[in-house]
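Asks: sequence first, predicted model second:
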Amino acid sequence: MSNRKHFYITFLIITLFCSVSLVSASQYYMGAYFDGTAKTTTKVIFACDYQDTDPNNIPTGGNLIGVLSVNGGYGTTPGEYNYQNPFFLYEDGTVKFIPQYWKIDKMQNSKTYTVGDNDYIFFYGRINFKTSTNEIEYKAYVYPDEWSVEHDTPVIKSWTHTAPAADDNFIVGDPTYDSIHFYSCQVGVEARYLITQTVKVRCSQFGYADGSYWKYMPALSRQGSTAYISYNGTHVGIVGGSTFTGMNKESTYDDVVTWKRTGTTLDNDVSIWSNSGDIIKNVYVPFN
Amino acid sequence: MYKNKKLVLLVLFLTIVIILISVYFFQRDTPDLTSYNITFSNPDDLDTDKYTLNAYDAIRIAIKQVKDDQIVFIEVFPIEEITFKNNTLRGEFWVVHIYHDPLELPHGSFTVITIDQKGTVIDIHRVEWVIGG
């Protein structure tokens, strides 16, 4: 084979490999978004736990994810970056914290920390837009047992990267831009493979910083096929991509939702909770 | 006789052409909405007196603008404030999202059409949706 042919074939293989690796796979997702006039913030938070889930109900090679997603922007204009701090539960009961950020459909970077297992009490995830240093900071606060909750002594993991130049802040609320409705701040449940057995993910204390207060807005449901979060004028970025068929809400009250796979799929724009207010804290360290 | 036959054929031909053109435009003007999966952000929107342009008229206008037989799904929203490139307009508008590709794929596209109270299309643009997390 001539050198030129060799070169072309190698080039083709590399191009093919790069294309495949850049394509983001669709995942099953059901979320709750803050329903209200868009606001800017620099801090968002949520907690999740898997105490009522048998990890054996997760398909082999799959996962069950509790995730907070927030859009970055310049003021309240939706931007093309989306920041997430998901906790992945695997079939063997391991929980990993995998903070990551996306530019429309391309993941820019991520970091993986093994942080616990399915019977831990709380996994708090917080994302900070540190304007003084122009950095995005992701933090996990892990409470393994009752003792750590009572004494407020979480294990903390953190990851930081430089903030994209286009972003000045995070957006919460649901702005309409170019006649597209965006769900800028969402908390939800996601999975690589569709789960057909009973699983539960409790997401609580979903909030944003408003000055020195931590607040929440009313929340509505959103399926993964239309969970629009980021925008660059021609492309809309979606969390998940596919409807989490069979996923429903088991119980909700202000700033808390327990997602449960029941076999009935929750519709879009169903009220998850209707009040707004200040977050009532169970623990304090994640909010400091 | 020969001339008359030619004339008859010409008239017949023109008649057929006119009929075909009429059928074509008639079909375009009255799209069969039953073949589309149409959802409303609020089912009551269709009956409300608040909007002088009803949702079905908005959809018909939208479909005529798109001219695309790959439409699989249509969403219709009433909206009172719209922002285009940082210009905010307030009033009463209909927004129609027309999806061109089957959902549940890693990517697809939809056309966004904004219609004002007079039925005038004031904005139309197509966007792609992609998985972003």
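Replies: Arrived safely.
Asks: so how many other residues sit close to the closest residue to chain B within chain A?
Replies: Nearest to chain B, among the residues of chain A, is A:Gly237, at 2.5 Å (C-beta to the nearest C-beta). All C-beta atoms are positioned from the backbone trio N, CA, C, and that covers glycine. For A:Gly237, the number of neighbouring residues by other C-beta atoms under 10 Å in any protein chain shown comes to 30.
Asks: grab the nearest non-local neighbour of it.
Replies: Among residues not flanking A:Gly237 along the chain, B:Gly132 sits closest, at 2.5 Å (C-beta to C-beta, 6 or more residues apart in numbering or on different chains).
Asks: burial count for the one you found?
Replies: With other C-beta under 10 Å as criterion, B:Gly132 counts 30.
Asks: just B:Tyr51 next, same as before
Replies: B:Tyr51 has 16 neighbours, counted by other C-beta under 10 Å.
Asks: now A:His235
Replies: 19.
Asks: state the distance from the residue nearest to A:Gly237 to B:Leu7.
Replies: Distance of B:Gly132 to B:Leu7, computed by C-beta to C-beta, to the nearest Å: 66 Å.
Asks: what parts of chain B come near chain A?
Replies: Neighbours of chain A within chain B, by C-beta under 8 Å from any C-beta of the partner chain: B:41, B:77, B:79, B:81-86, B:93, B:95, B:97, B:103-107, B:112-114, B:123, B:125, B:127-133.
Asks: wait, B:Glu115 sits on B:Arg60?
Replies: No Glu there; residue B:115 is Ile. No. Applying C-beta atoms under 8 Å, one finds B:Ile115 not in contact with B:Arg60, separated by 10.3 Å.
Asks: which one's more surrounded, the two?
Replies: B:Ile115 (24 against 18).
Asks: what residues are bridge-paired with the nearest residue to that one once chain neighbours are set aside?
Replies: Excluding the flanking residues, the one nearest B:Ile115 by C-beta to C-beta, 6+ apart is B:Trp94, at 4.6 Å. Following DSSP bridges, B:Trp94 is listed with bridge partners B:Pro78, B:Ile115.
Asks: surely B:Trp94 meets B:Tyr56?
Replies: No. Using C-beta under 8 Å, B:Trp94 makes no contact with B:Tyr56, being 10.5 Å away.
Asks: of these two, who's got more company?
Replies: Counted by other C-beta under 10 Å, B:Trp94 and B:Tyr56 do not tie: B:Trp94 has more neighbours, with 26 against 12.
Asks: got a list of what that one touches?
Replies: By C-beta atoms under 8 Å, 6 or more residues apart in numbering or on different chains, the contact set of B:Trp94 is B:51, B:53, B:55, B:58, B:76-79, B:114-115.
Asks: ok, it to A:Asn275 distance?
Replies: On the measure of C-beta to C-beta, B:Trp94 and A:Asn275 end up 30 Å apart.
Asks: if you average the pLDDT over stretch A:64-76, what comes out?
Replies: Here stretch A:64-76 scores 96 as its mean pLDDT.
Asks: and it, does that touch chain B?
Replies: Yes. Shown here: stretch A:64-76 in contact with chain B (C-beta under 8 Å from any C-beta) through A:67, A:69.
Asks: wait, a strand at the residue of chain A closest to chain B?
Replies: Yes. Under DSSP: H, G, I helix; E, B strand; the rest coil, A:Gly237 falls within a strand.
Asks: find the closest residue to chain A in chain B.
Replies: Counting by C-beta to the nearest C-beta, chain B gets nearest chain A through B:Gly132, at 2.5 Å.
Asks: residue ranges for the helices of the chain, please.
Replies: Went with chain A since none was named. Here chain A has its helices, by DSSP state H, at A:3-22, A:146-150.
Asks: try chain B instead
Replies: Under DSSP H, chain B gives helices at B:2-29, B:55-66.
Asks: indicate which one of those helices is closest to A:Tyr83.
Replies: helix B:55-66 (34.1 Å; C-beta to C-beta).
Asks: what's the closest one packed up against?
Replies: If you count contacts as 3 or more C-beta pairs under 8 Å, 6 or more residues apart in numbering or on different chains; DSSP states H and E, helix B:55-66 packs onto helix B:2-29, strand B:73-84, strand B:87-99, strand B:107-115, strand B:121-131.
Asks: of these, flag the one that's most buried.
Replies: Stretch with highest mean neighbour count among the helices and strands packed on helix B:55-66: strand B:107-115 (a mean of 21; mean count of other C-beta atoms under 10 Å in any protein chain shown).
Asks: who touches that one?
Replies: A:105, A:178-180, B:53, B:58, B:61-62, B:65-66, B:68, B:79, B:82, B:93-102, B:121-131.
Asks: my read: A:Gly62 touches A:Tyr193, true?
Replies: Yes. Counting by C-beta under 8 Å, A:Gly62 does reach A:Tyr193; the two are 3.8 Å apart.
Asks: same drill for the two, tell me which one is more crowded.
Replies: Higher neighbour count among A:Gly62 and A:Tyr193: A:Gly62, with 17 against 14, using other C-beta under 10 Å.
Asks: pull the contacting residues for the more buried one.
Replies: Counting by C-beta under 8 Å, 6+ apart, A:Gly62 has contacts A:91, A:191-193, A:195.
Asks: what do you get for A:Asn118?
Replies: By C-beta under 8 Å, 6+ apart, A:Asn118 lies in contact with A:50-51, A:53, A:55, A:89, A:93, A:95.
Asks: quick check, nearest of the residues you listed to A:Arg261?
Replies: Nearest to A:Arg261 among the contacts of A:Asn118, with distances taken as C-beta to C-beta, is A:Thr53, at 9.3 Å.
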